[in-house]
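J.: Take this sequence and fold it.
(one chain, ligands or ions: 2)
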Amino acid sequence: MKTSIATVSVSGELPEKLEAIARAGFDGVEIFENDFLAFDGSPADVGRMARDLGLVITLFQPFRDFEGMPDTLRSRTFDRAERKFDIMQELGTDMVLVCSNVSQAALGGLDRAAADFRELGERAAKRGLKVGYEALAWGRYVNDHRDAWEIVRRADHENVGLILDSFHSLSRKIDITSIRSIPKEKIFIVQLADAPLIDMDLLYWSRHFRNMPGEGDLPVTEFTEAVASTGYDGFFSLEIFNDQFRGGSTRAIAADGHRSLIYLADQIRRKVETPIGIEMPARAEVKGVGFIEFATDDEEAVELVGILQALGFRKAAVHRSKKVTLFQQGDIRILINVDPEGFANAAYAVHGTFAYAVALVVEDATEAYARALALDAEPFTQAVVEGELQLPAIRGVGGGLIYLIDDKSPLGRFSEIDFLPVAEEGEEGDAKHAGDAGLLHVDHIAQTVAYDEMLTWLLFYTSIFETRKTPMIDIIDPSGVVRSQVIENQSGTLRITMNGAENRRTLAGHFMAEKFGSGIQHLAFSTDDIFATAAALRTKGFKPLPISPNYYDDVEARFGLEPELTERLKAENILYDRDGEGEYFQLYSGTYGEGFFFEVVERRAYRGYGAPNAIFRIAALKKQMRPEGIPRDAG
Ligand code: MG
Ligand code: MG
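T.: Numbers count the residues shown, from 1 in each chain. Ligands and ions are numbered 1, 2, ... in the order given. Model (predicted):
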């Protein structure tokens, strides 16, 4: 795919934008007139800057209110066009985007518009330039790509073609099969944008809420498939108007944009015969979580290990060459890394104790790694001792790591190859450490990220791994709103909840601001008998998060629970939720450090994450943290 992005899509000054766009790997850039008016250099300077960075200027835009002007305004409109042509020649681009007329003065009529475009095509041809016509969703007479195409067809000029924009067509729910019959040489460029489904004025929606393909809810893939079916193999250009992106990191937004196009092209390549898209393995099926690794030091490890033991984990193995201990229960493996060398230690030095790495078990780690790199993921390697495994790894949320392992290669046997088993531990006769608590698997991994990083990680996970997203929901923290988004696979072997915090007074915001930065804030383990697990945990000295008695009155009334069940839930501080026939039981630990905690869940045909309980859980956690944790004004 030939990739391009409009300068308006990213934040910053024009030179910074161009640099970020080139660095992200784009082939081309659309220059927005405003960007260029705000810049001190000449059009020729801008053109040189782009070319020095290896970027083609795919087009110059916008040229507004052109077609169908009454005779009194017509010649002035063509004069304006000639001035745009001058700038284009200085810039070194051969295409201008003309968007459909929104002027009150405009006259309708396809033939009149076609005649105007024919003349504009003549004038452009004299200078070796091209004119692309785009139907704005709110155009006065032309607001449908089918009408724009009819005008281009009637203009019948080699230098006049159509510009398709997914937002304009999809926001108005225009039948996209109509694109399939357009000759590919008449499609001059294709602009792409997605958007969340929001019922609002089209212009406002377009100007503020567009996002990258795959980040929103519009059928951009189907749109692009229709374009590809024409044989079109020109530029696909992102044109994203988004307030959050304009305030975000220039580089991160450009990188997301590039990833979104590579991912989109790969989806199309799997559906239709097309030259767009590069060979890469399919999205990786995640079969489970191989391990979760904490970076800490000897001193802080003591408390963390104490919590793990109270949760029923036992020390199972030690690393052959590093100070890493493996704790296990059921399928769950937790590594505690206190090695003074290496990345874990560097991560610890910056963030303090935290779960910095997750290993995902995939069908084929080599393939998953290749796909991740094809989608611009940042690879990670560090030296390993001879005979030990080099696990393929990429950078994940908060600079943490995602290791990729599989069962078909030696990678899946990392705990035998890199680790030495240890005999069952625990002081003799100490029942506290004997037996486990019935924890079986990692149920979900909850990551807290800055609100403006949520779409980045959503795209990261969904493009690399076989996952889907569920609609974003708002969780009410007593001190503000936390946005929550779930990324999960069909089988439930990978479940990630991502919480985006906007302010530091929320529990999620506090977690990020005070110590860790973005990262894993809680880990949920599954059991198939929550009450047996709760009883076992009690004998091990596990301290559950105390839940307000008022919660139980409420939950009993809400779901019509038997008082006997309510009493059992209350006695064990277990939260309860239901969706349809499904039932969910949740038990939390207290917080550790700056707000990390563990959760134990039992699912009975339940698919969600207990969102209605979050407010009670957050309130309880904050109450517990307040004495030495969150300052008083932090609610
Ligand atoms: Mg557009
Ligand atoms: Mg949870």
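J.: From start to finish, how long is stretch 32-45 in a straight line?
T.: Stretch 32-45 has an end-to-end distance of 15 Å (criterion: CA to CA, to the nearest Å).
J.: Buried residues in that stretch, which are they?
T.: Phe32, Glu33, Asp35, Phe36, Phe39, Pro43, Asp45 (16 or more other CB atoms under 10 Å). (Glycine included, C-beta is placed from N, CA and C.)
J.: what would these look like in a markdown table with secondary structure and pLDDT?
T.: Shown next, in a markdown table, are these (DSSP: H, G, I helix; E, B strand; the rest coil; pLDDT from 0 to 100):
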| residue | secondary structure | pLDDT |
| --- | --- | --- |
| Phe32 | strand | 93 |
| Glu33 | helix | 91 |
| Asp35 | helix | 87 |
| Phe36 | helix | 82 |
| Phe39 | coil | 90 |
| Pro43 | helix | 94 |
| Asp45 | helix | 96 |
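J.: from these, which is closest to Leu59?
T.: Comparing these against Leu59 with CB to CB picks out Phe32 as the nearest, at 9.9 Å.
J.: helix, strand or coil for the closest residue to the closest one other than its chain neighbours?
T.: In this structure, Phe32 finds its nearest non-sequential neighbour in Val8, 4.5 Å apart by CB to CB, 6 or more residues apart in numbering. Put simply, Val8 is helix when judged by DSSP: H, G, I helix; E, B strand; the rest coil.
J.: what's the neighbour count on Val8?
T.: By the criterion of other CB atoms under 10 Å, Val8 has 23 neighbours.
J.: How about Pro410?
T.: Counted with other CB under 10 Å, Pro410 comes out at 11.
J.: surely it meets Leu391?
T.: No - when contacts are counted by CB atoms under 8 Å, Pro410 is not listed as touching Leu391 (10.2 Å).
J.: Contacts only, for Leu621.
T.: Leu507, Leu545, Tyr588, Gly590, Thr591, Gly595, Phe597 (CB atoms under 8 Å, 6 or more residues apart in numbering).
J.: wait, isn't Leu537 in contact with Leu308?
T.: No - Leu537 is not in contact with Leu308 according to CB under 8 Å; the separation is 11.9 Å.
J.: Could you look up the SS state of the residue lying farthest from the centre of the chain?
T.: Centroid-distance maximum for the chain: Thr72 at 50.8 Å, with CA atoms, centre = their mean. The three-state label given to Thr72 by three-state DSSP is helix.
J.: Quick one: name the residues of the chain near ligand 2.
T.: Near ligand 2, the residues belonging to the chain are Ala524, Glu599 when assessed by CB under 5 Å from the ion.
J.: got any ranges where the chain has weak pLDDT?
T.: 424-434, 503, 515-516, 626-635 (pLDDT under 70).
J.: Okay, and the residue most central in space within it sits in which element?
T.: For the chain, the residue nearest the mean C-alpha position is Leu458 (2.1 Å; CA atoms, centre = their mean). Leu458 belongs to helix 454-464 when assigned by DSSP states H and E.
J.: Show me which residues of the stretch 101-250 of the chain sit near ligand 1.
T.: Asp165, Gln191, Glu239.
J.: before we move on, back to that, make sure the residue nearest to Phe32 is actually in contact with Phe241.
T.: Yes - between Val8 and Phe241 there is a contact under CB under 8 Å: 6.3 Å.
J.: Going along the chain from the helix holding Leu458, find the next helix or strand for me.
T.: strand 468-469.
J.: Can you mark which positions in the next helix or strand after that next one are buried?
T.: Note on strand 468-469: by DSSP H and E, the next helix or strand toward the C-terminus is strand 473-477. Neighbour counts over strand 473-477 (16+ other CB under 10 Å) mark Ile475, Asp477 as buried.
J.: Need the residues that contact strand 473-477.
T.: By CB under 8 Å, 6+ apart, strand 473-477 touches 481-485, 499, 506-508, 611, 614-615, 618, 635.
J.: gap between the two ends of stretch 28-37?
T.: End to end - CA to CA - stretch 28-37 spans 20 Å.
J.: Other residues contacting that stretch?
T.: 2-8, 14, 17-18, 21, 43, 46, 50, 55-62, 91, 93, 97, 235, 237, 239.
J.: Also stretch 447-458?
T.: Outside stretch 447-458, the residues touching it (CB under 8 Å, 6+ apart) are 211-212, 215, 244, 247-249, 252, 255-256, 396-398, 469, 472, 483, 485, 487, 496-502, 508, 511-512, 516, 518-521.
J.: Quick one: name the residues of the chain near ligand 1.
T.: Asp165, Gln191, Glu239.
J.: okay but the second one is in contact with Ile163, surely?
T.: To tie it back to what came earlier, the one meant is Gln191. Yes - applying CB under 8 Å as the test, Gln191 and Ile163 come out as touching, 6.5 Å apart.
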